[in-house]
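Q: Need the 3D shape of this:
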Amino acid sequence: MLSQLTRFASVQDVAIDAAEMEVRATFPQLGKYGLDPSVGVAMERLEYALDVRSDAPRERVVALVETAARYCHAAQSLRVAVPVEGTLRLNGEELVPVSEDG
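A: Numbers count the residues shown, from 1 in each chain. As a prediction, the model looks like this:
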C-alpha cells in the first residue's frame, strides 16, 4: 500500500511528508500450530492503520489513499481468492507438486 501511495502521490500531485503503516493479522492459534486439524490455518482478519503527514487538503489526501487502496496489489490479492501452486525442488531436482494438504 505504501508503494502505491507514493506512486499515486506523484501522479495526483499530493505532497506526502511521511507515511507509516501498522499491520496486524489474526490467525486461529490451534490451526496455526497444527494442534487441531479441523481448524483452518488461513488468516482470519487483517487490519491496518495508515498514518500520513501532509499539508495537502484533507479531501485530496483521502482521495489519494482511496486510489492507493484500490490499486494495492497485496490488498486486492487478499480480497480475491487466487489459485496457489507450488513446486518443490530438492537439490535442484524437481519433485512432486506441493499440494494444499502439504
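Q: hey, let's count contacts and neighbours off CA atoms from now on
A: Fine.
Q: any idea which element Val65 lies in?
A: Using DSSP states H and E, Val65 sits in helix 58-70.
Q: residues in contact with the residue nearest the centre of the chain?
A: Against the mean C-alpha coordinate of the chain, by CA atoms, centre = their mean, the closest residue is Ala74 at 3.8 Å. Residues near Ala74 by CA atoms under 8 Å, 6 or more residues apart in numbering: Met1.
Q: what's it sitting at in phi/psi?
A: Here is the backbone geometry of Ala74 (degrees, to the nearest 10): phi -60, psi -50.
Q: got it, and Ala75?
A: Dihedral angles (degrees, to the nearest 10) for Ala75: phi -60, psi -40.
Q: Run a quick neighbour tally on it.
A: Look at Ala75: counted by other CA atoms under 10 Å, it has 13 neighbours.
Q: what does the model give it for pLDDT?
A: Ala75 carries a pLDDT value of 88.
Q: wouldn't it be in contact with Tyr48 here?
A: No - judged on CA atoms under 8 Å, Ala75 makes no contact with Tyr48 at a distance of 10.7 Å.
Q: Where does pLDDT dip in this protein?
A: Within the chain, the stretches with pLDDT under 70 are 100-102.
Q: Kindly recompute the last result at 50.
A: Where the chain drops to pLDDT under 50, the residues are 102.
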